[in-house]
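In: please work out how this folds:
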Amino acid sequence: MPNLPRRRPLNFLVALFCAGLIGFALYMQTRDSLSPCPLCVLQRIAFMALGAVSLLAFLHGPRGWGRRLYAVLAGLFAAAGAGVAGWHVYLQHLPPDQVPSCGPGLNYLVENFPPGDALRMVFMGSGEYARVHWGFLGLSLPEWTLIWFVLLGGLALWNNLRRA
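Out: Got it, this is the predicted structure:
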């Protein structure tokens, strides 16, 4: 059997990639003066949570049930992020006549509505979510985000669930 990479460095790699993706998002935000939409903010939070869990797994180096706990947490955060990114991609691919009208920003929603209502309004969609502001190799930022959630979440799950 080939020597597989050790768990701790791979957990650190996932955390490092998550930090790099957040850094890239902040760079794009400041360079292009783009305010993130509420769905983008939720995706950033999911990347931060996935990165934090992976960093804790790296620092802790758990065995047994601890590895499984980190795998489940990483999988949940990656799945949540992928779900939000998938919804964002769906909104971007709606025909123009089906795109919802623009709504208020996340700060307004959080300050003026209970959390459940604010979250529901975020997922109802808004015209701003459907605009593609950036692309690379024919894919929009939410499409790349979805890919990264699948790759990093899959790596975190595999890494923490595999046998020694």
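In: show me what the host helix or strand of residue 90 is packed against.
Out: Following DSSP states H and E, one finds residue 90 within helix 65-92. In this structure, helix 65-92 packs against helix 7-32, helix 38-60, helix 127-130, helix 141-161, with contacts taken as 3 or more CB pairs under 8 Å, 6 or more residues apart in numbering; DSSP states H and E. Every C-beta, even on glycine, is put in place using the N, C-alpha and C of the backbone.
In: residue 75 is nearest to which of the ones you listed?
Out: helix 141-161 (4.9 Å; CB to CB).
In: state the mean pLDDT of stretch 37-47.
Out: Per-residue pLDDT over stretch 37-47 has a mean of 87.
In: lowest-scoring secondary structure element of this protein by mean pLDDT?
Out: Of all helical and strand segments in the chain, the minimum by mean pLDDT, DSSP states H and E falls on helix 127-130, at a mean of 56.
In: closest to residue 82 out of the helices and strands packed on helix 65-92?
Out: Closest among the helices and strands packed on helix 65-92, using CB to CB: helix 141-161, at 4.0 Å.
In: relative to helix 65-92, how tilted is the closest one?
Out: Put simply, helix 141-161 runs at 160 degrees to helix 65-92, going by axes from the mean of the first three to the mean of the last three CA atoms, to 10 degrees.
In: tell me how far helix 141-161 lies from the chain's centre.
Out: Here helix 141-161 is found 9 Å from its chain centre; the criterion is CA atoms, centre = their mean, to the nearest Å.
In: from here on, call the first residue 426.
Out: Done: numbering now begins at 426, and the last item shifts to helix 566-586.
In: could you tell me the angle between that helix and helix 432-457?
Out: Using the same axes, to 10 degrees: helix 566-586 against helix 432-457 is 170 degrees.
In: now do the buried residues in helix 566-586.
Out: Going by neighbour count (16 or more other CB atoms under 10 Å), the buried part of helix 566-586 is 566-571, 573-575, 577-578, 580-582, 584-585.
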